[in-house]
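Asker: Pasting the sequence and the predicted model now:
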Amino acid sequence: MKKAVLVLFVLFLSSIISAQGFDDQKYLLTTKTNTFGISSLRFLDPYLSPLIYSGSGVDFNHESRRFLSLSNTHISIQNRYYLVTGVADNPAHTASMFYFGANYSWGMHYHFRPAKGIQLLAGASWDLDFGFKDVMRNINNPVNLDLATNLNLSGLARYDIALCRRTLRLQLAVETPVLGWMFVPTAGASYYEMFELGNHSNLSHFSSVFNKRGINPKFTVDVPFSHSVWRFGLGYHELKYKANDLVFKRTGFSLLVGTTFDVISFAGRKKQAPHNFISTDE
């Protein structure tokens, strides 16, 4: 009888120790945010037209952020994908421009925590930018491409405020290009001349704050509900660059709505999922 009690006691202690070990084990979470937006768009592309085109469109933005490691919770890594499409008209509404844009960026930020509920992030990012503009009315030059890559300075400020039995998170993010490369065609040169006849002169340009300036601020509010966190916000994008005696402008303003959530991944020998995590691969 004593041996049976001793065995039960040992099993009980081992279960407590294993449970404590699981509770003490830490994992890195990845914060993912998906937002959709309705945008107002303005373009000035003198390669296609000397007029400013204005219109509207829709956009989608995906962001993910995680800390560098379990031992370093001051540096985070961010990935972002951005897609936008829309149609704009000239002032007389006699011609329309179709636009599609895509942007990918990767960056790192250092986290400052000066006070409870306040976070300041400062860092840099690298991005790839693509744009397709089509003015169907044009005959010789109906299409122009925006191709660029940039090193950007970026920052973010967060403030948590308790309101109505829930904590709201106010967030302001800002990004601006510093150095990079861009593709800008010469006025009047057709894409047939560039790529079929090999006329590549004055297509590739180094960009800096002297010939390319922009700002991309975004203000959002995260509102927690019973089983989800919703994000509402305003986004603004302004870019101006010049090359080959041409000045290009792109401006956008968006109303944003989406969700933000934390996920965790298990893979390999050293990051296997605990037994109480059920996978579809099992």
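Answerer: Sure, I can see it.
Asker: Quick one: the strands in the stretch 101-250 of the chain, in order.
Answerer: Counting by DSSP state E, counting those that start in this stretch, the stretch 101-250 of the chain has these strands, from start to end: 118-135, 143-163, 166-183, 204-207, 212-215, 218-224, 229-243, 246-263.
Asker: Next, the contact list for the nearest residue to Asp160 once chain neighbours are set aside, please.
Answerer: Nearest in space to Asp160, with sequence neighbours left out and distances taken as C-beta to C-beta, 6 or more residues apart in numbering, is Gly117 at 4.0 Å. Quick note: C-beta positions are derived from backbone N, CA and C, even for glycine. Taking C-beta atoms under 8 Å, 6 or more residues apart in numbering as the criterion, Gly117 is in contact with 159-161.
Asker: Which entries within those meet the buried criterion?
Answerer: Neighbour-count burial (16 or more other C-beta atoms under 10 Å) applied to those gives no buried members.
Asker: can these go into JSON lines with extra columns for pLDDT and distance to Val229?
Answerer: As requested, those are exported to JSON lines (pLDDT from 0 to 100; distance: C-beta to C-beta, whole Å):
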{"residue": "Tyr159", "pLDDT": "96", "distance to Val229": "16"}
{"residue": "Asp160", "pLDDT": "95", "distance to Val229": "12"}
{"residue": "Ile161", "pLDDT": "93", "distance to Val229": "15"}
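Asker: and which of those is nearest to Tyr110?
Answerer: Comparing the contacts of Gly117 against Tyr110 with C-beta to C-beta places Tyr159 closest, at 18.0 Å.
Asker: Report the contact partners of the closest residue to that closest one other than its chain neighbours.
Answerer: The shortest distance from Tyr159 to any residue other than its chain neighbours is 4.7 Å, reached at Leu170 (C-beta to C-beta, 6+ apart). The neighbourhood of Leu170, defined by C-beta under 8 Å, 6+ apart, consists of 158-161, 219-221.
Asker: Now do stretch 120-140, average pLDDT.
Answerer: Average pLDDT, stretch 120-140: 92.
Asker: CA-only coordinates of it, as PDB, when you get a sec.
Answerer: Coordinates of the C-alpha atoms in stretch 120-140 are reproduced here as PDB (Å, rounded to 0.1, in the frame of the first residue of the first chain):
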ATOM      1  CA  LEU A 120       8.700  54.200 -29.800                       C
ATOM      2  CA  LEU A 121      10.100  52.300 -32.700                       C
ATOM      3  CA  ALA A 122      12.900  53.600 -34.900                       C
ATOM      4  CA  GLY A 123      14.700  51.900 -37.800                       C
ATOM      5  CA  ALA A 124      15.000  51.400 -41.500                       C
ATOM      6  CA  SER A 125      13.600  49.400 -44.300                       C
ATOM      7  CA  TRP A 126      14.300  48.300 -47.900                       C
ATOM      8  CA  ASP A 127      11.600  48.000 -50.500                       C
ATOM      9  CA  LEU A 128      10.800  47.100 -54.000                       C
ATOM     10  CA  ASP A 129       8.200  49.300 -55.800                       C
ATOM     11  CA  PHE A 130       6.200  48.500 -59.000                       C
ATOM     12  CA  GLY A 131       3.600  50.400 -60.800                       C
ATOM     13  CA  PHE A 132       1.700  50.000 -64.000                       C
ATOM     14  CA  LYS A 133      -0.100  52.900 -65.700                       C
ATOM     15  CA  ASP A 134      -2.200  52.600 -68.800                       C
ATOM     16  CA  VAL A 135      -3.900  55.500 -70.700                       C
ATOM     17  CA  MET A 136      -5.900  53.700 -73.300                       C
ATOM     18  CA  ARG A 137      -6.500  56.800 -75.400                       C
ATOM     19  CA  ASN A 138      -2.800  57.200 -76.100                       C
ATOM     20  CA  ILE A 139      -1.500  55.600 -79.300                       C
ATOM     21  CA  ASN A 140       2.300  55.800 -79.300                       C
END
